[in-house]
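# below: sequence and its predicted model.
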Amino acid sequence: MMKPRLFLAPIVALGIGLSACGGSSTGEGGYVQPTGASVASIEIEAGNLYYSPDKVEAPVGISKIWLKNIESGAHNLVISGVPGFILEVSGEGDQNAKKVELEAGSYDIYCTLPGHRAGGMAGKLIVK
């Protein structure tokens, strides 16, 4: 007669492994948003091959960044030095926001869609 424990252990292990895959707070690219309160809210408009403003300032700490698409087409915003952080917007009027915790410094922001950064869709985020 077989012992049920021998069969339950792999099933329980499989269940634990599968549950670890769902419900995670990790976003695309492994980015995890900070959970604390924001010290600043930054609004950036995405137009056809530009950000407005293209230079923004924020205090050290957690900021909530809003990206609003004001013209046609899809755009995104990434921050150099922040692996996995990406804000994506589709057509006109679409908006998206995420929190990010930043140290003092100068960060490049840009759109990763083909030709957008080279076409001028880039800027600076200064944190002090």
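That came through fine.
# poorly predicted segments of this structure, please.
Residue ranges of the chain with pLDDT under 70: 1-29.
# in it, which spans are strands?
Remark: strands assigned in the chain by DSSP state E are 40-47, 50-52, 55-58, 61-69, 75-79, 86-89, 95-102, 105-110, 122-127.
# buried residues in the shortest one?
The reference is to strand 50-52. Across strand 50-52, burial judged by 16 or more other CB atoms under 10 Å covers 50-51. For glycine as for every other residue, the C-beta is placed from the backbone atoms N, C-alpha and C.
# equivalent analysis for the third one, please.
Of the residues in strand 55-58, 56, 58 count as buried by neighbour count, 16+ other CB under 10 Å.
# re earlier: how about the strands of the chain, which one is nearest Gly30?
Among the strands of the chain, the nearest to Gly30 by CB to CB is strand 86-89 (11.1 Å).
# for that closest one, packing partners?
Contact here means 3 or more CB pairs under 8 Å, 6 or more residues apart in numbering; DSSP states H and E; on that basis strand 86-89 packs against strand 61-69, strand 75-79, strand 95-102.
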